[in-house]
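Asker: This is the structure alone, sequence omitted:
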């Protein structure tokens with residue numbers, strides 16, 4: 001019968017080891033106390049002086065503040081309605097516009113969507129600040145332009161708003177799109193398939209979504225005839241220039 005080897009037991013630390021450990025601890029404590037006493041009797045050592053070159057100070061007056069024409073925040077913190085495109089000659093005011101006196105509150109803006117209650121809640125999280133709107137009619141055509149401003153203390157909500165508008169515009173069939181110059185990812189769209197309803201003329205649409213700082217721009221055009229690229233691009237470029 002084979003005898004298996006027995007594993008050695010761990011060695012116990014005896015009383016001698018404990019006494020040695022205690023002596024070491026006492027020695028460290030005593031050495032530390034002696035060190036403090038020696039240091040207390042010594043004269044304080046002077047620190048070397050700091051060596052730092054003398055920096056020349058600029059002379060003359062500081063730069064002039066930006067003029068209102070160059071300071072974008074002066075524009076966007078003022079009356080937002082003044083930045084909207086003006087109604088063209090011969091056009092009629094759009095009496096169907098939501099809001100009052102060119103302003104839309106949060107509830108009125110949310111009411112433009114299929115689920116206003118959900119959008120209203122989202123706008124709270126997006127730090128909705130205010131919205132300005134204008135619109136006009138010419139024969140069988142309508143135009144609506146909205147400027148939606150966000151506080152943007154926690155998130156870049158204007159960019160998210162533009163991304164959302166572009167997502168839904170791209171999702172429609174028979175859609176053509178073009179980048180709006182000078183806007184980063186601003187995009188204009190035309191939808192070549194009209195909405196057809198019995199008893200009404202066909203309804204063609206075009207739209208544009210872009211942003212400038214904390215302002216999201218929405219442009220909507222409807223007509224009984226196809227809307228050209230030149231037409232929606234002209235509106236988008238001129239509106240962005242005003243911002």
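Answerer: That came through, no problem. This structure is a prediction, so every number in the text was calculated from the model and none was measured.
Asker: hey, let's count contacts and neighbours off CA atoms from now on
Answerer: Will do.
Asker: quick check, residue 117 in a helix?
Answerer: Yes: with DSSP: H, G, I helix; E, B strand; the rest coil as the criterion, residue 117 is part of a helix.
Asker: count of neighbours near it?
Answerer: By other C-alpha atoms under 10 Å, 12 other residues sit near residue 117.
Asker: Could you do residue 200 as well?
Answerer: Residue 200, neighbours per other C-alpha under 10 Å, totals 9.
Asker: And what about it, helix, strand or coil?
Answerer: Applying three-state DSSP: residue 200 is coil.
Asker: I'd like to check what contacts stretch 199-206. Which residues are they?
Answerer: When contacts are defined by C-alpha atoms under 8 Å, 6 or more residues apart in numbering, stretch 199-206 is touched by residues 188-196, 220-227, 232.
Asker: how long is it from one end to the other?
Answerer: 22 Å (C-alpha to C-alpha, to the nearest Å).
Asker: ok now stretch 218-229, how far from the chain's centre?
Answerer: 29 Å (C-alpha atoms, centre = their mean, to the nearest Å).
Asker: Now it: buried residues?
Answerer: For stretch 218-229, the neighbour count (16 or more other C-alpha atoms under 10 Å) marks 218, 219, 220, 221, 222, 223, 224, 226, 227 as buried.
Asker: tell me the contacts of the nearest residue to residue 144 once chain neighbours are set aside?
Answerer: Nearest residue to residue 144, sequence neighbours excluded (C-alpha to C-alpha, 6 or more residues apart in numbering): residue 135, at 4.2 Å. Contacts for residue 135 (C-alpha under 8 Å, 6+ apart) come out as 87, 93, 94, 97, 142, 143, 144, 145.
Asker: rerun that using 6 Å as the cut-off
Answerer: By C-alpha atoms under 6 Å, 6 or more residues apart in numbering, the contact set of residue 135 is 94, 143, 144.
Asker: How much space separates the second one from residue 91?
Answerer: Which is residue 143. 10 Å.
Asker: Doesn't the residue nearest to residue 144 belong to a strand?
Answerer: Yes: counting by three-state DSSP, residue 135 is part of a strand.
Asker: Just the local confidence number for it, please.
Answerer: pLDDT recorded at residue 135 is 96.
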